[in-house]
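Asker: Okay, sequence plus prediction incoming.
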Amino acid sequence: MQLPRRLFAALTFLMMSPLVLPGGGTAMAQAPKPWEMAMQPAFNSIKERIIDLHNMVLVIITVITIFVAGLLIWVMYRYNATKNPVPSQTSHNTIIEVAWTVIPVLILVVMAIPSFRMIYYQDRTPDPDLTIKVTAHQWYWEYTYPDNGDISIESRYIRDEDLKPGQLRLLDVDNQMIIPVGKKIRILTGSTDVIHSFFIPSLGVQRYAIPGRTIETWLSADKPGVYYGQCNQICGTDHSRMPIAIKAVSEQDYKAWVAQAKKSADAGPATGTRLAETQTQVMAAARDIAPQGVQR
Ligand SMILES: [Cu+2]
């Protein structure tokens, strides 16, 4: 009785998910989806390479697992106490010992070559179109654009009660990181307190954000849309409340956004969105303290 009911619930959920998630609408959004079995689809060359590497390693480990399991089953069947009452006294076999050392080494080399290639591919981009500094804080992200007059935006999660229809819980943010579509973006991560991690699955990016260090990587988005990620390094109480939302827009829209952001930055730090953010923070802090009666 349980199984058909569960299956039915799963199917209903799958059918409804395009209505709940923005991925089914006009705006493209890359977020985790219910019952997703594989990795999120790729939206740049980094993620395509990650998926290829994953598929290659998956084939190798599957073959090894089947081979070892087959050997175990055969030994249990052929050499059990009933079938083989007098066990062999053999303790060394040079050929087998050399083989079971050399073959794993070769397998590791076959896996290491594309892995190292992948690491170096992600490590640097020789000719970035834009640099964005990503600073992690407990518990929000700050994005600085040194190529665009050092504009700086703070990005926070949206509380359940403030979610608008279509917004994703613990994934949507007040201020998204805006990037031009198709461009190479150099990312420099850092942190002001503890170790965080900047992780956007569909763009194949994961970099620690470590206090006192700057770590480089790069990303690009092949299509306009919103790409969701999260801090995936346990960083304290609100670790689950520091999502990442990157919006890839056309070159013109990007320029318009930069002009707008510069204008609001010129208006002073205590006005406009910044004032609203400060108020939200104060209210959020008050709400957090109230139920427990304990100050964090
Ligand atoms: Cu974090």
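Answerer: Yes, it's here.
Asker: Could you use CA atoms for every contact and neighbour count after this?
Answerer: Will do.
Asker: Excluding chain neighbours, give the residue nearest to Gly225 in space.
Answerer: Using CA to CA, 6 or more residues apart in numbering and skipping residues adjacent in sequence, the residue nearest Gly225 is Met28, 4.7 Å away.
Asker: And the pLDDT at that neighbour?
Answerer: Met28 is assigned a predicted lDDT (pLDDT) of 77.
Asker: I figured it was touching Asp222, is that so?
Answerer: No. Checked against CA atoms under 8 Å, the pair Met28 and Asp222 is beyond contact range at 11.6 Å.
Asker: Overlap in contacts, those two.
Answerer: Common neighbours of Met28 and Asp222 (criterion: CA atoms under 8 Å, 6 or more residues apart in numbering): none identified.
Asker: Run a quick neighbour tally on the residue nearest to Asp127 when sequence neighbours are not counted.
Answerer: Closest residue to Asp127 apart from its sequence neighbours, by CA to CA, 6+ apart: Lys184 at 7.6 Å. Neighbours of Lys184 under the rule other CA atoms under 10 Å: 19.
Asker: Roughly how far does Lys184 sit from the ion?
Answerer: Note on Lys184: its distance to the ion, by CA to the ion, to the nearest Å, is 25 Å.
Asker: how much space between the residue of the stretch 151-296 of the chain found nearest the ion and Pro165?
Answerer: Of all residues in the stretch 151-296 of the chain, the one sitting closest to the ion is His196 (4.0 Å; CA to the ion). Between His196 and Pro165 the distance is 29 Å, computed by CA to CA, to the nearest Å.
Asker: tell me the SS of Val194?
Answerer: Three-state call for Val194 (DSSP: H, G, I helix; E, B strand; the rest coil): coil.
Asker: Settle this for me: it is touching Gln233, isn't it.
Answerer: No. The pair Val194 / Gln233 is not scored as a contact, 9.6 Å apart, by CA under 8 Å.
Asker: now the strands for this protein?
Answerer: When secondary structure is read from DSSP state E, the chain shows strands at 29-30, 130-137, 140-145, 151-155, 177-180, 185-191, 196-200, 205-209, 215-219, 225-231, 243-249.
Asker: would you list the ones you listed in CSV and tack on mean neighbour count and distance to Pro85?
Answerer: Supplementary listing: these in CSV, determined by neighbours: other CA atoms under 10 Å; distance: least, CA to CA, whole Å:
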stretch, mean neighbour count, distance to Pro85
strand 29-30, 22, 61
strand 130-137, 22, 65
strand 140-145, 20, 67
strand 151-155, 20, 70
strand 177-180, 22, 70
strand 185-191, 23, 64
strand 196-200, 24, 57
strand 205-209, 22, 56
strand 215-219, 20, 61
strand 225-231, 23, 58
strand 243-249, 24, 63
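Asker: Now the weakest link among those strands, please, by mean pLDDT.
Answerer: Among the strands of the chain, strand 29-30 carries the lowest mean pLDDT (a mean of 85).
Asker: Just checking: what are the partner strands of that strand?
Answerer: strand 225-231 (parallel) (DSSP bridges).
Asker: now the partner strand against strand 130-137, angle please.
Answerer: 40 degrees (axes from the mean of the first three to the mean of the last three CA atoms, to 10 degrees).
Asker: Now tell me what touches strand 225-231 from outside.
Answerer: For strand 225-231, contacts defined as CA under 8 Å, 6+ apart pick out 27-31, 171-172, 196-203, 239-240, 242-249.
Asker: Against Met56, how distant is Val109?
Answerer: Distance, Val109 to Met56, using CA to CA: 13 Å.
Asker: ok so, going back, correct me if wrong: the residue nearest to Asp127 contacts Ser220.
Answerer: Yes. Applying CA under 8 Å, one finds Lys184 in contact with Ser220, separated by 5.1 Å.
Asker: the helices in the stretch 51-200 of the chain, which residues?
Answerer: 94-123 (DSSP state H, counting those that start in this stretch).
Asker: interface residues of it facing the ion?
Answerer: Contact residues, the stretch 51-200 of the chain versus the ion (CA under 5 Å from the ion): His196.
Asker: Okay, now the unreliable bits of the stretch 51-200 of the chain?
Answerer: Scanning the stretch 51-200 of the chain for pLDDT under 70 picks out no residues.
Asker: what about 90?
Answerer: 87-88, 90-91, 124-126, 149, 164, 166-167 (pLDDT under 90).
Asker: how is this protein carved up into domains?
Answerer: 45-123, 130-267 (automatic domain parsing).
Asker: For Glu36, find the nearest of those.
Answerer: Distance to Glu36, taken as CA to CA, is lowest for domain 130-267 among the domains of the chain, at 13.0 Å.
Asker: what's the first-to-last distance across that closest one?
Answerer: Span of domain 130-267 from end to end, CA to CA: 25 Å.
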